[in-house]
Structures are given as structure tokens and as C-alpha cells.
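Need a 3D model of the sequence below.
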Amino acid sequence: QVQLVESGGGLVQAGGSLRLSCANSGRTFSSYAMGWFRRAPGKEREFVAAIRWSGGGIAYADSVKGRFIISRDNAKNTVYLQMNSLKPEDTAVYYCADSRSARFPLTSWYEYDYWGQGTQVTVSS
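Below you'll find the model as predicted:
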């Protein structure tokens, strides 16, 4: 049973930083990659970043490239999203997701198999 638990969200001023974590309990060899998505009020869920568990492979949405950094700790089955230079438009619920597909990157939410409950990130201006 795969269970994803996000943490690290909160309220921050514009220009500040936050670090999100996603612990993947129950992860097996069939988990190829992890992704971060976000959903702002009134908007569709959008891709933020993705990383493969092995063999390299990192991808970012254009809107966060150069500001966000995705990383992983295989020993802890945990993926991180370091968010720097935050903007009010980054305000959203952030979700991590587990993909069983060998294709990379996967930027559509329906291509992921398991999801966390989400963590709120609010950036004030």
C-alpha cells in the first residue's frame, strides 16, 4: 500500500523560501518517478516538477524553473521541493504523486498513480 505524506507548507512572504517534503511509504521497485503538482483556487492542477528515483532525470515547469529545486533521498523514500524566490502566484495546494510509468517526464496529473493529501502554500505580497 503506497502512502504519500506531504509536509512543509505554510505562509511566507514574497521572496521567501519553503521546503516541501513527501514521504513515500510502501514504495516498491515499480515506482519510477515522483512528481509535484499544485492547484490554485479556481485553476486546474498543474505540473511543477518531477524526478526519477534512479538513473537521473529531472524536469520543471517553466513557471518555476530557476526558483524551485526537486531532490530525493532514496534511503528515506522521500522527495523534496525547495521553493525559493516565492511569488504570490505560487500560492496553491501542493501535491506529490507517484508514477509507475517508465516514461519520463510525466507532466499530466492523470499519468500518476498515487497522490498525497496536499499541503497549503500561501505567499503574501
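
how close does residue 109 sit to residue 74?
24 Å (Cβ to Cβ, to the nearest Å). For glycine as for every other residue, the C-beta is placed from the backbone atoms N, C-alpha and C.

now swap in residue 39 and tell me
Residue 39 sits 28 Å away from residue 74, going by Cβ to Cβ.

Same check on residue 51?
11 Å.

More neighbours: which of these two?
residue 51 (22 against 10; other Cβ atoms under 10 Å).

show me the contacts for the residue nearest the centre of the chain.
With distances taken as Cα atoms, centre = their mean, residue 36 lies nearest the centre of the chain, 2.1 Å away. By Cβ atoms under 8 Å, 6 or more residues apart in numbering, the residues touching residue 36 are 20, 22, 48-50, 70, 79, 81, 94-97.

Among the residues you listed, which one has the most neighbours?
Ranked by neighbour count under the definition other Cβ under 10 Å, those are headed by residue 96 with 30 neighbours.

State the distance from residue 76 to residue 107.
Shown here: residue 76 relative to residue 107, a distance of 25 Å by Cβ to Cβ.

And for residue 37?
Distance, residue 37 to residue 107, by Cβ to Cβ: 9 Å.

Between those two, point out the one with more neighbours.
The neighbour comparison of residue 37 against residue 107 (other Cβ under 10 Å) goes to residue 37, with 25 against 16.

The more buried one is in what secondary structure piece?
strand 33-39 (DSSP states H and E).

how about that strand: buried residues?
By 16 or more other Cβ atoms under 10 Å, the buried positions in strand 33-39 come out as 33-38.

contacting residues around residue 118?
Counted by Cβ under 8 Å, 6+ apart, residue 118 has contacts 6, 39, 93-95.

Reformat those residues as JSON lines; add secondary structure.
Below are the contacts of residue 118 laid out as JSON lines (DSSP: H, G, I helix; E, B strand; the rest coil):
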{"residue": "6", "secondary structure": "strand"}
{"residue": "39", "secondary structure": "strand"}
{"residue": "93", "secondary structure": "strand"}
{"residue": "94", "secondary structure": "strand"}
{"residue": "95", "secondary structure": "strand"}
